[in-house]
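Novice: heads up, no residue letters with this:
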């Protein structure tokens with residue numbers, strides 16, 4: 001089951017229920033999953049689990065000691081296990097961590113994000129403006145979710161070239177890309193180290209929790225990318241978990257023109273002289289170093 005299939009099935013699930021008040025009340029999802037939610041004090045790092053009774057009814061147990069936004073995510077994550085028919089495989093790995101997590105857990109996280117921030121609702125209320133700390137926090141508050149979840153959703157559904165990167169212990173774990181970046185073949189290698197020259201590298205090296213924004217070269221982040229073009233990076237580092245997140249974006253005019261094959265991989269130029277067009281190559285709008 002790939003990412004596209006998970007998202008398609010999540011949106012089909014959302015389409016079957018009334019989500020008009022879903023930002024306040026998750027009960028329509030719970031009912032649709034033939035489930036009931038109970039809160040209990042669980043151990044540290046244990047967000048929740050599901051018990052299925054012989055009659056097919058599901059009991060979702062969530063950790064009452066965690067934040068409200070975390071409990072909402074847990075409910076949707078457990079509903080994902082039910083709807084997708086995927087077994088749980090937590091294996092003592094923190095729920096916020098992508099490192100060594102089972103594919104079932106990552107798929108259910110994606111499903112949960114679709115439930116918490118429904119596609120149509122998100123598009124109808126997200127401001128048409130440049131990303132900012134204030135905007136990401138506004139969307140997180142609006143949908144009752146975490147800042148990283150809102151930033152990842154923003155990147156995935158943005159019209160502009162945009163990406164959201166999750167890093168743990170100095171290595172890239174996951175990158176969500178907008179349609180524009182996927183079509184351009186922009187790629188950030190999983191398990192690669194946080195790149196030198198990035199805002200993420202700078203604030204993690206400071207040894208404290210911090211949030212910063214800065215301008216860096218696009219080729220700092222994207223593999224085999226054209227040099228000389230810049231992007232904006234909004235990064236936040238969480239010292240306690242050694243987790244770093246970055247939201248990357250730039251104007252569509254600064255997106256290199258590239259060819260990609262049917263698998264989405266970039267087709268490299270074989271070299272040679274550029275074809276004559278009769279137009280002088282005056283500098284465009286792109287910011288160059």
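Specialist: Cool, the structure landed. The structure displayed is predicted, hence computed values, not measured ones.
Novice: the most centrally placed residue in the chain and residue 30, how far apart?
Specialist: Centroid check for the chain by Cα atoms, centre = their mean gives residue 152 as the closest residue, at 2.9 Å. Distance of residue 152 to residue 30, given as Cβ to Cβ, to the nearest Å: 24 Å. Bear in mind the C-beta positions are built from the backbone N, C-alpha and C, glycine included.
Novice: quick one on the thing from earlier: what kind of secondary structure is the residue nearest to the centre of the chain in?
Specialist: Each residue gets one of three states, and residue 152 gets helix by DSSP: H, G, I helix; E, B strand; the rest coil.
Novice: test my guess that it contacts residue 165.
Specialist: No: using Cβ atoms under 8 Å, residue 152 makes no contact with residue 165, being 9.3 Å away.
Novice: pull the longest helix from the chain.
Specialist: Selection of the longest helix in the chain by residue count, based on DSSP state H, yields helix 68-84.
Novice: state the mean pLDDT of it.
Specialist: Mean pLDDT, helix 68-84: 95.
Novice: what's the closest non-adjacent residue to the residue nearest to the centre of the chain?
Specialist: Nearest residue to residue 152 in three dimensions, chain neighbours excluded: residue 164, at 4.3 Å (Cβ to Cβ, 6 or more residues apart in numbering).
Novice: need the three-state assignment for that neighbour.
Specialist: Of the three states, residue 164 takes strand under three-state DSSP.
Novice: which ones are touching it?
Specialist: 148, 151, 152, 154, 155, 156, 175, 176, 245, 246, 247, 248 (Cβ atoms under 8 Å, 6 or more residues apart in numbering).
Novice: ok, and the closest non-adjacent residue to residue 40?
Specialist: Leaving out its chain neighbours, the residue that sits closest to residue 40 by Cβ to Cβ, 6+ apart is residue 61, at 5.5 Å.
Novice: ok, what's across the strand from the one you found?
Specialist: residue 38, residue 49 (DSSP bridges).
Novice: how near is it to residue 107?
Specialist: Distance, residue 61 to residue 107, using Cβ to Cβ: 21 Å.
Novice: with residue 52 instead?
Specialist: Counting by Cβ to Cβ, the gap from residue 52 to residue 107 is 19 Å.
Novice: likewise for residue 169?
Specialist: Between residue 169 and residue 107 the distance is 23 Å, computed by Cβ to Cβ.
Novice: which one's more surrounded, the two?
Specialist: Neighbour count, other Cβ atoms under 10 Å: between residue 169 and residue 107, residue 107 has more, with 22 against 14.
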